[in-house]
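Undergrad: 3D, please:
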Amino acid sequence: MTDPRRDYRRNPVPDDPTLQPPPDSSSPWPDEELEQLLARLYPQLRQILARHRVPFDDADDVLQDALLVLLRKAHQVRNPEAYLVTTLQYRCRMYWRARAHQRSLRAEQELLEEVAVPGPLPQQCATQRLDLERCLASLPAPARRLVRLRYGLGYTARELAPLLGLSVDAVRQRSVYARRRFSADLRHAELP
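TA: Purely as a prediction, here's the structure:
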C-alpha cells in the first residue's frame, strides 16, 4: 500500500519545491537583469542588424520581436544571450523574406489586374493583349474563372467563398496557385 503523503496526484505536498509555481511568472527576470543583458549585447545586436541591412526604421521592430520571443520563452531558455542573438538573426532573415514575398505578390496582382479587365485597348497593345489572353486560356477553367472574378471584377476572397462553395482560406490558396501558374506561363511565353 502506498503512503498517501507520497501520492502527489491525490494529495500534493505543499512544501515540495517542484510542485510550486515560479515566483512571478509574468516577469521572468528583474528589469535590471534584462537591461544588463541588452547593454552587454548591444554592439553585437547592432552588428547583426547592420549585416542583414535592416532599414533603421524597421530595425527597432525586428529587435523588439526578438525580445518578445525571448521573454515568452524565458522559463525554457538556458542561455538567454545565445538565444537572443540566434532569434534576432532568424527574425532578420524572415523580415527580408516577407518583404520579397510582398513585392512579388504586388507585382503579380498588378499584372493580373491589367490583364483581367476586359475592354478596348489601344492598337499597339493588341498583340500583347492576345498573348496575355492565350496565357490566361492555358490555365485550368477553375483557376481562369477565379482570376477573372478576383482581379477582373474585384471580388474579395470573403465574397467569393460562398459563391464558389469554398472556405475563405481555400479561395486564397487557389488565388495564389492561379497567380503563380499565370506568372510562370508569362515567363515561358517571353512576352515583350
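Undergrad: buried ones in stretch 47-60?
TA: Within stretch 47-60, the residues that count as buried by 16 or more other C-beta atoms under 10 Å are Ile48, Leu49, His52, Val54, Ala59. In short, each C-beta sits where N, CA and C put it, glycine included.
Undergrad: state the distance from the nearest residue to the last one once chain neighbours are set aside to Ala66.
TA: Counting by C-beta to C-beta, 6 or more residues apart in numbering, the nearest residue to Ala59 once its immediate chain neighbours are dropped is Leu49, at 4.6 Å. When C-beta to C-beta, to the nearest Å is applied, the distance between Leu49 and Ala66 equals 10 Å.
Undergrad: lowest-confidence helix or strand of this protein?
TA: One helix or strand of the chain scores below all others by mean pLDDT, DSSP states H and E: helix 126-137, with a mean of 74.
Undergrad: which helices and strands sit right next to the very next helix or strand once past it?
TA: Toward the C-terminus, helix 126-137 is succeeded by helix 141-147 as the next helix or strand (DSSP states H and E). Helix 141-147 is packed against helix 126-137, helix 168-189, with contacts defined by 3 or more C-beta pairs under 8 Å, 6 or more residues apart in numbering; DSSP states H and E.
Undergrad: tell me which residues in the last one are buried?
TA: If I follow you right, that is helix 168-189. Within helix 168-189, the residues that qualify as buried are Val171, Arg172, Arg174, Ser175, Ala178, Arg179, Arg181, Phe182, Ser183, Asp185, Leu186, counting by 16+ other C-beta under 10 Å.
Undergrad: pLDDT check: weakest of the residues you listed?
TA: Per-residue confidence across these is lowest for Leu186, with 73 (pLDDT).
Undergrad: find the nearest non-adjacent residue to that residue, please.
TA: Spatially, and ignoring its direct neighbours in sequence, Leu186 is nearest to Cys135 (5.4 Å; C-beta to C-beta, 6+ apart).
Undergrad: state the pLDDT value of Asn79.
TA: Asn79 is assigned a predicted lDDT (pLDDT) of 89.
Undergrad: any figure for the gap between it and Ala59?
TA: Asn79 sits at a distance of 24 Å from Ala59 (criterion: C-beta to C-beta).
Undergrad: which member of the buried residues of helix 168-189 is positioned nearest Arg72?
TA: Each of those was scored against Arg72 by C-beta to C-beta, and Arg172 proved nearest at 28.1 Å.
Undergrad: how far away is the closest one from Arg93?
TA: Here the criterion is C-beta to C-beta. By it, Arg172 lies 24 Å from Arg93.
Undergrad: quick one on the thing from earlier: hey, what's in contact with both of Leu49 and Ala66?
TA: When contacts are counted by C-beta atoms under 8 Å, 6 or more residues apart in numbering, Leu49 and Ala66 have Leu88 as shared neighbours.
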